[in-house]
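Chemist: Everything below, folded, please.
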Amino acid sequence: MMNSQSTEKVNRTPIEAKPPVIKVVGLGGGGCNAVNRMIEHGMSGVEFIACNTDVQALESSLADVKVQLGPKCTRGLGAGSLPSVGEKAAEESFQALADALDGADMVFLTAGMGGGTGTGSIPVAARVSKHLGAVTIAVVTTPFSFEMTKRQKNAVIGLQKLRQYTHTLITVPNDRLLEVAPEDLTLEMAFKMADDVLRQGVQGISELLTETGLINVDFAHIRHVMELGGGALMSIGTGEGEGKALKALDQALNHPLLEKVDLSTATGVIANFTGGPDLTFAEVAETLNHLHEEAGNAAEIIPGVINDPNLTDRTQVILIVTGLGGLPLEKAIPGAEKYLADLPVNDSIPQSEPASSYFEMPNKQHREPAFAYTPGQAHINANDLDVPAFLRKRMRG
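Modeler: The predicted structure is shown next:
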């Protein structure tokens with residue numbers, strides 16, 4: 001029998017749980033405006049980062065962290081609506097982006113596609129984020145159909161570059177704002193509607209990860225579902241009154257600013273419900289059964305339930321879905337096929353990987369795993385051009 005006096009002392013100090021670090025990055029004028037609106041809305045629990053080539057615009061940002069992109073190549077004067085300049089500026093500021101994103105578990109990137117800084121820099125920022133090991137989600141707007149063809153072409157090429165570096169890529173076509181907004185709605189309010197897709201997604205996932213639920217969904221669940229492969233989508237819905245949980249699910253599957261979600265090809269679904277004390281087990285069970293019917297037996301469905309006493313007679317659902325096949329890029333940007341036809345063959349989107357408003361994530365077996373650099377990491381090839389330049393220099397140095 002073991003002597004109690006010789007037994008080592010048990011450490012009874014409680015282990016402090018560290019919540020996942022979520023960072024929201026606005027790139028270019030549109031992205032930085034979206035970040036400002038989220039801050040004005042009073043969002044907390046996330047870190048906001050503003051990135052721009054235009055120093056004057058950057059100074060007006062409400063974000064705590066500001067990154068000037070390409071101070072040498074743009075001299076603080078903007079990218080002149082040229083994505084190539086925006087990309088060059090982001091590459092020049094690769095290290096600054098890496099420093100700003102360091103330590104993030106999840107990164108939301110936002111930009112208006114079609115201009116110079118946002119379109120050119122967001123694929124670079126996504127590459128940094130994914131290589132640092134963060135779950136990377138981009139929410140972007142695409143040009144109105146009446147905007148000049150140059151902006152539309154810029155957006156098509158920018159989205160093509162961006163999709164390979166994101167786990168989830170959500171596009172909000174500006175034309176949808178015209179369809180759902182009343183005629184007397186101001187332009188500022190219309191853009192706030194688009195920004196709300198980002199805000200609700202960030203706020204919903206932040207609450208999902210930080211609030212203690214009756215059925216918890218943790219960060220490991222989210223990462224697991226994101227890495228199942230296939231196209232991915234994040235959406236939010238709200239329902240009120242009788243059948244509120246089903247109504248919330250229906251709204252999430254038919255979001256007015258996003259494409260209709262077809263769950264028949266889904267491989268994984270996280271459905272997190274937030275409701276008041278009047279949300280019954282029967283309501284949640286009925287809604288989950290409906291979700292199973294829509295998705296089929298092949299999908300892995302992970303439910304979560306959070307109680308919020310302020311949500312009387314109202315329920316919100318956050319959906320994160322993977323395995324979606326996707327819809328043609330032309331759905332997001334009219335005339336996209338014309339711009340794709342003008343691209344060199346090696347730059348065109350493969351027919352086997354249809355692009356969409358929730359784009360195809362590279363198959364798991366073909367996707368280079370994300371990594372966080374630590375000195376002496378021998379398995380990283382210092383000559384691999386897909387590895388960021390600052391990491392290759394460290395490997396050689």
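Chemist: Now do the strands in the chain.
Modeler: With strands called from DSSP state E, the chain shows them at 22-27, 47-52, 65-68, 106-112, 135-142, 168-173, 231-240, 268-275, 300-307, 314-324.
Chemist: For the fifth one, give the mean pLDDT please.
Modeler: Mean per-residue pLDDT for strand 135-142: 90.
Chemist: What helices and strands are in contact with it?
Modeler: strand 106-112, helix 117-131, helix 149-163, strand 168-173, helix 187-210, helix 219-226 (3 or more CB pairs under 8 Å, 6 or more residues apart in numbering; DSSP states H and E). All C-beta atoms are positioned from the backbone trio N, CA, C, and that covers glycine.
Chemist: Same list (the strands of the chain) but as CSV, adding distance to residue 89 and mean neighbour count.
Modeler: As requested, the strands of the chain are arranged in CSV below (distance: least, CB to CB, whole Å; neighbours: other CB atoms under 10 Å):
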stretch, distance to residue 89, mean neighbour count
strand 22-27, 10, 28
strand 47-52, 9, 26
strand 65-68, 9, 18
strand 106-112, 13, 29
strand 135-142, 18, 27
strand 168-173, 22, 26
strand 231-240, 28, 23
strand 268-275, 36, 25
strand 300-307, 40, 18
strand 314-324, 32, 25
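Chemist: how about a markdown table for those, with distance to residue 196 added?
Modeler: Supplementary listing: the strands of the chain in a markdown table, determined by distance: least, CB to CB, whole Å:
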| stretch | distance to residue 196 |
| --- | --- |
| strand 22-27 | 14 |
| strand 47-52 | 16 |
| strand 65-68 | 23 |
| strand 106-112 | 12 |
| strand 135-142 | 10 |
| strand 168-173 | 10 |
| strand 231-240 | 9 |
| strand 268-275 | 17 |
| strand 300-307 | 20 |
| strand 314-324 | 13 |
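Chemist: And for residue 192, nearest residue in space, chain neighbours not counted?
Modeler: Ranked by CB to CB, 6 or more residues apart in numbering and with sequence neighbours excluded, the top spatial neighbour of residue 192 is residue 37, at 6.2 Å.
Chemist: show me the contacts for the one you found.
Modeler: For residue 37, the set of contacting residues under the criterion of CB atoms under 8 Å, 6 or more residues apart in numbering consists of 192, 195, 199.
Chemist: Identify whichever of the helices and strands packed on strand 135-142 lies nearest to residue 304.
Modeler: Among those, the nearest to residue 304 by CB to CB is helix 187-210 (6.5 Å).
Chemist: Quick check: buried residues in the closest one?
Modeler: Buried residues in helix 187-210, defined by neighbour count with 16 or more other CB atoms under 10 Å: 190-209.
Chemist: How about residues contacting stretch 241-258?
Modeler: Contacts with stretch 241-258, where a contact means CB under 8 Å, 6+ apart, come from 170, 172-173, 176-177, 179-180, 193-194, 197, 233, 235-240, 260-261, 263, 271, 273, 275, 279, 283-284, 286-287, 290-291, 294, 313-319, 357-358.
Chemist: try 6 Å
Modeler: By CB atoms under 6 Å, 6 or more residues apart in numbering, the list of residues contacting stretch 241-258 from outside reads 172, 176, 180, 197, 235-239, 260-261, 283-284, 287, 315-317, 319.
Chemist: now do stretch 79-96
Modeler: Contacting residues not belonging to stretch 79-96 are listed as 53, 67, 69-70, 73-74, 115-117, 119-121, 124, 154, 158, 388, 390 [CB under 6 Å, 6+ apart].
Chemist: what's the offset of that stretch from the middle of its chain?
Modeler: 21 Å (CA atoms, centre = their mean, to the nearest Å).
Chemist: do the same with stretch 60-71
Modeler: How far stretch 60-71 lies from its chain's middle: 20 Å, per CA atoms, centre = their mean.
Chemist: swap in stretch 187-199?
Modeler: How far stretch 187-199 lies from its chain's middle: 16 Å, per CA atoms, centre = their mean.
Chemist: Send over that stretch as PDB, restricted to the C-alpha atoms.
Modeler: Taking only C-alpha atoms (Å, rounded to 0.1, in the frame of the first residue of the first chain), the coordinates of stretch 187-199 have been written out as PDB:
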ATOM      1  CA  LEU A 187     -27.400  53.600 -50.100                       C
ATOM      2  CA  GLU A 188     -25.800  53.700 -46.600                       C
ATOM      3  CA  MET A 189     -28.600  51.600 -45.100                       C
ATOM      4  CA  ALA A 190     -28.300  49.100 -48.100                       C
ATOM      5  CA  PHE A 191     -24.600  48.600 -47.400                       C
ATOM      6  CA  LYS A 192     -25.400  48.100 -43.700                       C
ATOM      7  CA  MET A 193     -27.600  45.200 -44.700                       C
ATOM      8  CA  ALA A 194     -24.600  43.600 -46.400                       C
ATOM      9  CA  ASP A 195     -22.400  44.300 -43.500                       C
ATOM     10  CA  ASP A 196     -25.000  42.600 -41.200                       C
ATOM     11  CA  VAL A 197     -24.200  39.200 -42.900                       C
ATOM     12  CA  LEU A 198     -20.600  39.600 -41.600                       C
ATOM     13  CA  ARG A 199     -21.600  41.000 -38.200                       C
END
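Chemist: Many thanks, have a good one.
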